[in-house]
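Undergrad: sharing a model that was predicted from the sequence below.
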Amino acid sequence: MIDEGKSTPLSPIYVWAIAEECFSIAQTCQLLRINARRIRQFVAQENDPMPFRCFPGQQRGAFIHKDDLREWLQRNTVMLHDEKTFHEPPEP
């Protein structure tokens, strides 16, 4: 059980393990090279929203599990080669 009156520093190994499994909005922005506004748009979309989580009654401290992020990215992105082919003008 956690003793809330006791101040114990977190072990660097413990922090590292959590960071490897889950990403904050800021970390996800860095990984995907997009801004937080874009992340929030993905979270708010009706069809297949980006699966960020938070604790009940809180909106700050949102996080996404690496597996959820990977699966969402596979469903919501296209291969660059396919995207380039789609936008190239037809040959005469």
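TA: Yep, it's here.

Undergrad: use CA for all of it now, contacts and neighbours both
TA: Will do.

Undergrad: ranges for the strands of the chain?
TA: 22-24, 63-65 (DSSP state E).

Undergrad: check Ala17 and give its pLDDT.
TA: In this model, Ala17 is scored at 54, pLDDT.

Undergrad: same thing with Glu20?
TA: pLDDT for Glu20: 77.

Undergrad: if I look at it, how far off is Pro56?
TA: 23 Å (Cα to Cα, to the nearest Å).

Undergrad: what about these two, which has more around it?
TA: Ranked by neighbour count (other Cα atoms under 10 Å), Glu20 and Pro56 place Glu20 first, with 10 against 6.

Undergrad: isn't Pro49 right up against Arg40?
TA: No. Using Cα atoms under 8 Å, Pro49 is not in contact with Arg40; the gap is 9.5 Å.

Undergrad: residue ranges with poor pLDDT in this structure?
TA: Counting by pLDDT under 70, the chain contains low-confidence residues at 1-19, 84-92.

Undergrad: show me the helices in it, by range?
TA: 12-21, 25-32, 36-44, 66-76, 80-87 (DSSP state H).

Undergrad: quick one: which of the ones you listed is nearest Arg60?
TA: Nearest of the helices of the chain to Arg60, taken as Cα to Cα: helix 25-32 at 9.8 Å.

Undergrad: near Phe42, how many other residues are there?
TA: 17.

Undergrad: I'd like the helices of the chain written out as JSON lines, with distance to Arg60 added.
TA: Shown next, in JSON lines, are those (distance: least, Cα to Cα, whole Å):
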{"stretch": "helix 12-21", "distance to Arg60": "17"}
{"stretch": "helix 25-32", "distance to Arg60": "10"}
{"stretch": "helix 36-44", "distance to Arg60": "12"}
{"stretch": "helix 66-76", "distance to Arg60": "18"}
{"stretch": "helix 80-87", "distance to Arg60": "34"}
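
Undergrad: how close does Asp48 sit to Asp82?
TA: Per Cα to Cα, Asp48 is found 21 Å from Asp82.
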